[in-house]
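# sharing a sequence plus its predicted fold:
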Amino acid sequence: MDDLITKNFFMCIIRQVKDADMPLEPSKLQSDYMYRFEHHEKGKVDFKKSNFKKISKFLKKMKQQKLITFDKVKGVDHEVILGINRANIEKAKFDISGFNKVHVEEKVEEVEEVKGAPIKEYPVVEISEVFKLNSQELVSIFEDVGSPQTTFYTIDQ
């Protein structure tokens, strides 16, 4: 299984993962790339059946071989893939033939339209900026012209 995981990783890195995808979460590499391909004879990769048990242990090995940059970044409490050393990957010359893309069905929720259901109409809400007098000098001026202190005013007024 370790060999299958390594070949699958190389196939994904060479064919699918772009430098623009960095930084790349290990879980995203696993779910969006590695699990979407299977070997025509050996099937899908399964980290639990390998010596690695987890993708992070596998990626640390790839880091030791200087194939990827795998470190912690600020604001994240675990390591992520920061870069791919494509020159070293080309030198490794792994055989990546025999992998087929697995058909993944996207679930689409269908919403049934209820016939005869009334369409709810909501009232139109208008928001206006208003002011209330709080200065005693201004209040006395407005009271002199017959406007009470509790009245709210808009900028136009």
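Sure thing, it's come through.

# what about the helices in the protein?
Listed in chain order, the helices of the chain (DSSP state H) span 2-15, 26-28, 55-64, 86-92, 136-144.

# lowest mean pLDDT among the helices and strands of the chain, which one is it?
strand 99-101 (a mean of 60; mean pLDDT, DSSP states H and E).

# which residues touch the residue nearest to residue 25 when sequence neighbours are not counted?
In this structure, residue 25 finds its nearest non-sequential neighbour in residue 80, 5.6 Å apart by Cβ to Cβ, 6 or more residues apart in numbering. Yep, even glycine has a C-beta here, placed from its N, CA and C like the rest. Each residue near residue 80 by Cβ atoms under 8 Å, 6 or more residues apart in numbering is listed here: 23-26, 70-73.

# if you set the cut-off to 7 Å instead, what comes out?
By Cβ atoms under 7 Å, 6 or more residues apart in numbering, the residues touching residue 80 are 23-26, 73.

# kindly report the same for residue 79.
With Cβ under 7 Å, 6+ apart, residue 79 has these contacts: 56, 70-72.

# equivalent analysis for residue 46, please.
residue 1.

# look at it and report its pLDDT.
Note on residue 46: pLDDT of 82.
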